[in-house]
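J.: Give me the fold of what follows.
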Amino acid sequence: MSTIEKKIAGLLQKYDVLLGFLAISIIAFQLRWHLYPHETADYSFFMKSWIAQLMEHPGLSGIGQNIGEYNVPYMLFLAIVGRTSFDDLYEIKNLSVLFDFLGSAAAVLLLSKIKGTKLLTPQNLLAYSVLLLVPNTFLNSAFWGQCDFIYVTFLLLCTYFLVKENYPAAMIFYGIALAFKLQAIFFLPVLLIYYFASRKVNILHFLWIPLVFFIMDLPAIIAGRGLSDTLNIYRAQTDIYKQLTMNCPNLFVFMPGDYELFSKLGIWTAFAIFMVSAFVIARQGIRDNKQLVLLALWSAMVCIYFLPAMHERYVFICCIFSILWAFLYRKDWWIAVGINFVTLLSSANYLFKVDIMEMKYLALANLVLLGAITIRLFFQYPAVAPVPATTPVTESAPEVKPEGNRKSAKKHA
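T.: Predicted coordinates:
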């Protein structure tokens, strides 16, 4: 081997993990690029129409009108898309795919912080690869054109700063996540339970959430949309869909279609579960930083299973956090596989019009997975063994024999 070859081999060996990250990123993007041309009904009937309506108003002023179902940040993005000369569908997917990579990087950052390792490790490379190549990720962004990894990315950063105990930053990133999608509300119980259990967060830190949300909505208000109308976009969203479940394998698969009755039952059931759980975890305390990831997964699964009007794609947050948990606690790898597999099958119903398995069986599978996560969180959590308290070592006084023993010893002598 020549000197140059040895140097090249040395560099490859030195930067092998970094090159692995680069290679996986290229492969993951190429995979997504081939899916870009596909146009789903969500784009054809909704986003395309919203962009056309936004284009009827000069500049970006369209965001000041009651157009679309998304909150202001994403509608502002669609308004910008409409004003550029590039293909609208490709631009929408570009943003979603960008956050596939940013979200996977944020997940690796969180894993490294929790485990106390460097970023560029083979295990982190494996986690990055799984997150980018799992079908639910690239189908959501490059095939479907959805934006679920955007808000999940900011939730991952929120969790990262919770672990760092930088609570203002955590609340800021949560506010950004909530401004992008209402489904960020699935993470709110984590913040509230953490507040009561850790006793480290100042309640004033929570004020960052509405402040950031307001700032993110400010462009629409400046463009002329009423303050009340702008801040009530999410409330209006909840009034649009009056179905117990929208292709989501949850509790409502087994119930008749009485929305008013059963939706309230589900909401109050979820509320009761969170109240009891907050009490239990507040007494136990947060045992370690890994538990935050498990708590986030459990919270999202409870919301998905018991709240009405859930789409199948809302389970995306569970797919990501279950993979994170699998890398933190390898024995639960089957939970990540199960959640991602059930989600893939339910999404195939809509995306490919393929009914591989009846929804009631998928709902039962999700119930089993939720039960396993609940048992792990509350009854079998793999907590780190507490370090035994050290007690100061004191020198013992030399043993002094009783006087009587000395006298008897002399007599015997």
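
J.: How about the secondary structure of residue 145?
T.: Using DSSP: H, G, I helix; E, B strand; the rest coil, the structure places residue 145 in coil.

J.: which ones are touching it?
T.: Taking C-beta atoms under 8 Å, 6 or more residues apart in numbering, we find residue 145 in contact with 40, 42-43, 47, 89, 92-93, 96. Yep, even glycine has a C-beta here, placed from its N, CA and C like the rest.

J.: Against residue 90, how distant is it?
T.: Noted for residue 145: a distance of 10 Å to residue 90, by C-beta to C-beta, to the nearest Å.

J.: do residue 349 as well
T.: 26 Å.

J.: same for the helix or strand hosting residue 137, what does it pack against?
T.: Secondary structure assignment for residue 137, by DSSP states H and E: helix 135-138. Under the contact criterion of 3 or more C-beta pairs under 8 Å, 6 or more residues apart in numbering; DSSP states H and E, helix 135-138 touches helix 16-33, helix 88-115, helix 316-328, helix 333-351.

J.: circling back: which members of the contacts of residue 145 are classed as buried?
T.: Buried subset of the contacts of residue 145 (neighbour count, 16 or more other C-beta atoms under 10 Å): 40, 43, 47, 89, 92-93, 96.

J.: ranges for the strands of this protein?
T.: For the chain, applying DSSP state E gives strands covering 245-246, 310-311.

J.: count of residues packed around the residue nearest to residue 250 when sequence neighbours are not counted?
T.: Distance criterion C-beta to C-beta, 6 or more residues apart in numbering; nearest residue to residue 250, sequence neighbours excluded, is residue 305 at 4.6 Å. Here the count is done by other C-beta atoms under 10 Å, and residue 305 has 24 residues near it.

J.: ok, residue 305 to residue 329 distance?
T.: Distance, residue 305 to residue 329, using C-beta to C-beta: 21 Å.

J.: Residue 190 too?
T.: Taking C-beta to C-beta, one finds residue 190 at 17 Å from residue 329.

J.: ditto for residue 300
T.: In this view, residue 300 and residue 329 are 17 Å apart by C-beta to C-beta.

J.: so where's the stretch 151-300 of the chain uncertain?
T.: For the stretch 151-300 of the chain, no stretch has pLDDT under 70.

J.: ok, which stretches of it are helices?
T.: Along the stretch 151-300 of the chain, counting by DSSP state H, counting those that start in this stretch, helices occupy 167-180, 188-198, 208-222, 227-231, 233-240, 259-284, 290-306.

J.: Single out the most deeply packed of those.
T.: Highest mean neighbour count of the helices of the stretch 151-300 of the chain: helix 290-306, a mean of 25 (counted as mean count of other C-beta atoms under 10 Å).

J.: That one to helix 88-115, inter-axis angle?
T.: Helix 290-306 and helix 88-115 are oriented at 140 degrees to each other (axes from the mean of the first three to the mean of the last three C-alpha atoms, to 10 degrees).
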